[in-house]
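>>> sequence unknown, structure follows:
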């Protein structure tokens, strides 16, 4: 918690337009965990500068998934929903030049330690239309989801277990990147910082994982961090890291 608070304090000191949390705001989807997350993210939520995606840990139990606990207690904007309904894919205007398309890849399974993520055909089709529409308006598009699209070529030993929880329909999203202009893809899940550039429509599409913002680790790429992105209608201009010292 100390490390997470350091990250949030550093972010509050930056002139940021928006905060995107790519899932796993809880360990096991308990109500008390969501309430604590909502409290920590309240300054961003109250300012209308927050987008939160569910991760596999947020649907860890059947009770959490069946009761729509993520949406009820936190929701995509951090304010929760009295009557939850499916909100993803969600288009958020980050600026006059940039649109965020937030996706939900979290799925509950009998064994949460091996359950893969999935977007599904309906969400993928809707996301395509959102990307296409924003591109026609001359806006850059950033996609965000929890699960990784590809496994990074360089892996640290403590990250290997997450190979068992991939994104089942990642190939369809990779195909979308090759056909439609996407400025960047942001995701979480792997608890390690890395970047992979995938073939894109006209130019490579950077796929970035910030890693965890709260989990301490000895390996440098797994130290708690957040990434700060500079974007305009031309795409991703710069990426800077905020790393919490132990």
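Sure thing, it's come through. Model, not experiment: these values are computed from the prediction. Numbering: from 1, shown residues only.

>>> where does the protein have low pLDDT?
158-164, 246 (pLDDT under 70).

>>> if you go through it in chain order, where are the strands?
Taking DSSP state E to define them, one finds strands in the chain at 19-21, 50-52, 90-95, 98-102, 140-144, 184-187, 194-198, 205-209, 225-232, 235-243.

>>> The residue nearest to residue 235 when sequence neighbours are not counted: neighbour count?
Excluding the flanking residues, the one nearest residue 235 by Cβ to Cβ, 6 or more residues apart in numbering is residue 183, at 4.1 Å. No exception for glycine: its C-beta is placed from N, CA and C like everyone else's. Residue 183 has 24 neighbouring residues, counting by other Cβ atoms under 10 Å.

>>> I figured residue 183 was touching residue 135, is that so?
No - under the criterion of Cβ atoms under 8 Å, residue 183 makes no contact with residue 135, lying 10.0 Å away.

>>> intersection of neighbour lists for the two?
With contacts taken as Cβ atoms under 8 Å, 6 or more residues apart in numbering, the residues that reach both residue 183 and residue 135 are residue 141.

>>> Now do the same contact list for residue 21.
41, 50-53.

>>> Beta-bridge partners for it, please?
residue 52 (DSSP bridges).

>>> any idea how far it is from residue 110?
27 Å (Cβ to Cβ, to the nearest Å).

>>> got the contact list for residue 87?
Counting by Cβ under 8 Å, 6+ apart, residue 87 has contacts 71, 75-76, 81.

>>> Go again with 10 Å.
71, 75-77, 81, 102, 104 (Cβ atoms under 10 Å, 6 or more residues apart in numbering).

>>> so which of those is the most crowded?
Result: residue 104 is most packed of those (other Cβ under 10 Å), 25 neighbours.

>>> how close does it sit to residue 139?
22 Å.

>>> doesn't residue 229 make contact with residue 20?
Yes - counting by Cβ atoms under 10 Å, residue 229 is a contact partner of residue 20 at 8.8 Å.

>>> shared neighbours of the two, which are they?
In contact with both residue 20 and residue 229: 94, 142, 186, 210, using Cβ under 10 Å, 6+ apart.

>>> With distance to residue 241 and neighbour count added, can I get these in CSV?
Below are these laid out as CSV (distance: Cβ to Cβ, whole Å; neighbours: other Cβ atoms under 10 Å):
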residue, distance to residue 241, neighbour count
94, 19, 18
142, 17, 25
186, 13, 21
210, 8, 26
